[in-house]
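[1] need a structure here:
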Amino acid sequence: MAIEYKSLRYSGVGVQGSYLNDIYTAPANTKALILSFNICRNDNISSLIAYPSAYFNIKLKDTSNVEYWLMKNRAIASQSSLEVIEGQKIVVNAGEELIIFASLTNLFVATLSIMEVS
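    Model prediction:
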């Protein structure tokens with residue numbers, strides 16, 4: 001049994017249907033534990049006035065293409081962050097995908113810490 005730790009960063013979360021949606025897929029013959037999942041609203045004070053209701057969504061899609069919401073229409077204040085799975089862990093089985101999308105492109109940054117067991 002091999003264990004590998006990964007840190008992934010996505011600096012431009014896209015809108016639904018964009019190529020940036022699938023942020024992590026567990027490799028074949030691997031179970032992954034999402035240890036940390038941080039979302040930051042990376043904008044300036046003027047965009048808070050322009051986009052006060054900007055939000056993001058997170059789903060887990062299994063190998064049968066069934067999607068499960070982890071967070072839906074979640075807004076956070078300008079220049080702040082949110083730990084999505086605070087005090088918890090999420091198990092992602094081989095072939096399952098984590099998907100993130102937002103109401104506006106390039107407004108949110110995602111950072112994940114993952115432990116893969118194969």
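[2] who are the contact partners of the residue lying closest to A28 once chain neighbours are set aside?
    The shortest distance from A28 to any non-neighbouring residue, by C-beta to C-beta, 6 or more residues apart in numbering, is to A94 (5.3 Å). C-beta coordinates here come from the backbone N, C-alpha and C atoms, glycine included. Contacts for A94 were tallied using C-beta atoms under 8 Å, 6 or more residues apart in numbering; they are A26, P27, A28, N29, T30, K31, T63.
[3] correct me, but the fourth one touches S118?
    Yep, that's N29 we're talking about. Yes - because the distance of 5.5 Å satisfies C-beta atoms under 8 Å, N29 is recorded as touching S118.
[4] these two: which has the busier surroundings?
    Neighbour count, other C-beta atoms under 10 Å: between N29 and S118, S118 has more, with 14 against 9.
[5] identify the bridge partners of the residue nearest the centre of the chain.
    Centroid-nearest residue in the chain: I100, 4.8 Å away (criterion: C-alpha atoms, centre = their mean). I100 has these beta-bridge partners by DSSP bridges: I58.
[6] how deep is the nearest residue to I3 once chain neighbours are set aside tucked in, by neighbour count?
    Spatially, and ignoring its direct neighbours in sequence, I3 is nearest to V117 (5.5 Å; C-beta to C-beta, 6+ apart). V117 has 14 neighbouring residues, counting by other C-beta under 10 Å.
[7] how much space separates V117 from T63?
    17 Å (C-beta to C-beta, to the nearest Å).
[8] most neighbours of all the contacts of A94, which one?
    That'd be A26 among the contacts of A94, by other C-beta under 10 Å, with 23 neighbours.
[9] who are the contact partners of L98?
    L98 touches D22, I23, Y24, T25, I34, I58, K59, L60, V92, L112, counting by C-beta under 8 Å, 6+ apart.
[10] in space, what's closest to it - neighbours in sequence excluded?
    Nearest non-adjacent residue to L98, counting by C-beta to C-beta, 6+ apart: Y24, 4.4 Å away.
[11] V13 is in contact with T105, correct?
    Yes - judged on C-beta under 8 Å, T105 makes contact with V13 at a distance of 7.5 Å.
[12] no further questions, thank you.
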